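**Q** just to be clear, the model below is a prediction. Sequence and coordinates:
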Amino acid sequence: MKDVAARAGVGLKTVSRVVNGEPGVTSDTAERVQAAISALGFRRNDSARILRKGRTASVGLVLEDIADPFYSALSRAVEEVSRLHGSLLFTGSSDEDPEREEQLALAFCARRVDGLVIVPAAGADHRYLAPEVRAGIATVFIDRPPLGIEADTVLTANAAGAREGTAHLIGRGHRRIAFLGDSPDIHTAAERLRGYREAMADAGLPVDPSWISLGPTSPERVGAALATALSGPEPVTALFCGNNRVTVAALRRLRTFDRPVAVVGFDDLEFADLLSPGLTVVAQDPAGLGRTAAQLLFARLDGYPGPARHLELPARLIPRGSGELPPT
């Protein structure tokens with residue numbers, strides 16, 4: 001700033017006023033200062049300026065996997081709200097590892113982010129964040145609830161969505177419906193299985209244990225589970241898939257079978273309407289989840305003192321053809 005002031009022939013306070021857009025500077029003087037700034041390549045030290053106000057204008061986001069299209073949409077929404085509040089977003093993937101999640105969250109805290117948005121890894125105990133929350137780090141959990149602490153949380157109505165998707169298959173005449181889901185210790189997987197069971201019970205339908213498979217979303221595991229459900233004297237006629245990765249693995253495996261199977265997937269897919277028949281899904285709103293979580297976070301940062309808020313966004317059924325196939 002001293003160099004800029006000397007080149008423009010003004011005082012430091014005048015340079016400060018121009019840089020910060022404050023009044024009290026004539027247009028001619030402002031032009032001289034701007035010309036000096038351009039010539040010298042001066043850049044304002046935003047870190048120092050923001051720290052003087054007690055904030056770093058940054059937010060940390062911990063996801064399961066940034067490469068997953070669901071989390072990409074969620075991340076973009078958090079970033080957009082952060083940008084509107086003048087904050088930068090730092091993002092990391094936990095890879096469903098509680099230790100990795102803790103390392104990322106605490107690394108963001110060590111860099112003094114103003115707040116955190118976290119998609120909890122399965123089995124993570126979030127009491128490690130209690131000291132950070134007491135120190136003023138605003139924290140919101142998204143997609144799954146935290147364990148061990150109370151905090152603002154934004155979820156999808158997973159059980160209700162799975163119940164509606166399964167009931168949709170039942171309404172098309174299916175009585176033997178398989179459920180292929182993610183690992184059982186993941187909150188969303190357990191909730192979607194609960195919705196499936198509730199729909200079957202509401203219809204008075206039994207559930208054979210061989211129809212249910214929870215575990216890794218690898219094509220090998222999903223393919224083996226599907227082969228079991230489609231074998232025997234009374235194979236299933238329909239399939240409810242617990243998330244987008246399971247759905248993709250199941251669709252690839254279904255191509256090797258010689259009879260049609262009705263399919264409803266939880267989570268929409270970019271190419272869902274291009275399949276033949278189109279893929280019927282229970283769609284979440286990842287952008288809505290991210291936007292709502294970020295809004296709760298900045299409300300905390302702006303001084304909201306109330307108790308932890310727990311919000312649940314609805315899922316919606318999108319019929320496209322695969323879930324409307326009749327039993328065979």
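**A** That came in fine, so what should we check first?
**Q** for Val59, give me the backbone phi and psi.
**A** For Val59, the backbone dihedrals (degrees, to the nearest 10) come out as phi -130, psi 140.
**Q** and the end-to-end length of stretch 133-149?
**A** With C-alpha to C-alpha, to the nearest Å applied, stretch 133-149 spans 10 Å between its terminal residues.
**Q** neighbours of the nearest residue to Asp182 once chain neighbours are set aside, how many?
**A** Nearest non-adjacent residue to Asp182, counting by C-beta to C-beta, 6 or more residues apart in numbering: Ala189, 3.9 Å away. Placement of C-beta: from N, CA and C, glycine included. Ala189 has 25 neighbours, counted by other C-beta atoms under 10 Å.
**Q** which helices and strands does the helix or strand that contains Ala189 pack with?
**A** If you go by DSSP states H and E, Ala189 is part of helix 187-202. If you count contacts as 3 or more C-beta pairs under 8 Å, 6 or more residues apart in numbering; DSSP states H and E, helix 187-202 packs onto helix 158-171, strand 177-181, strand 212-214.
**Q** and among the ones you listed, the most buried is which?
**A** With neighbours defined as mean count of other C-beta atoms under 10 Å, the helices and strands packed on helix 187-202 peak in mean count at strand 177-181, which reaches a mean of 26.
**Q** sheet partners, orientation included, of that strand?
**A** Strand pairing for strand 177-181, using DSSP bridges, gives strand 212-214 (parallel), strand 238-241 (parallel).
**Q** now the helix holding Ala189: buried residues?
**A** Buried residues in helix 187-202, counting neighbours by 16 or more other C-beta atoms under 10 Å, are found at 188-193, 195-200.
**Q** could you dump those into CSV with distance to Val113 and pLDDT added?
**A** As requested, the buried residues of helix 187-202 are arranged in CSV below (distance: C-beta to C-beta, whole Å; pLDDT from 0 to 100):
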residue, distance to Val113, pLDDT
Thr188, 26, 95
Ala189, 29, 95
Ala190, 30, 96
Glu191, 29, 97
Arg192, 32, 98
Leu193, 35, 98
Gly195, 35, 98
Tyr196, 38, 98
Arg197, 40, 98
Glu198, 40, 98
Ala199, 42, 98
Met200, 44, 98
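**Q** gap between the two ends of stretch 179-194?
**A** Length of stretch 179-194, first residue to last, C-alpha to C-alpha: 11 Å.
**Q** contacting residues around it?
**A** Stretch 179-194 is contacted from outside by 96, 120, 122-123, 143-145, 156, 158-159, 161-162, 166, 196, 211-217, 222, 225-226, 229, 239-243, 245-246, 250, 266, using C-beta atoms under 8 Å, 6 or more residues apart in numbering.
**Q** where do the strands sit along this protein?
**A** In chain order, the chain shows strands spanning 58-63, 88-93, 115-118, 138-142, 152-156, 177-181, 212-214, 238-241, 262-266, 280-283, 310-313, 316-318, with DSSP state E as the criterion.
**Q** neighbours of Ala6, how many?
**A** Other residues within reach of Ala6 by the criterion other C-beta under 10 Å amount to 13.
**Q** quick one: it from Pro69, how far?
**A** Ala6 sits 53 Å away from Pro69, going by C-beta to C-beta, to the nearest Å.
**Q** looking at stretch 309-322 now, give me its mean pLDDT.
**A** Mean pLDDT, stretch 309-322: 97.
**Q** only whichever of the contacts of stretch 179-194 are buried, select them in PyMOL.
**A** Buried subset of the contacts of stretch 179-194, written as a PyMOL selection, criterion 16+ other C-beta under 10 Å:
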select buried, resi 96+120+122+143+144+156+158+159+161+162+166+196+211+212+213+214+215+217+222+225+226+229+239+240+241+242+243+245+246+250+266
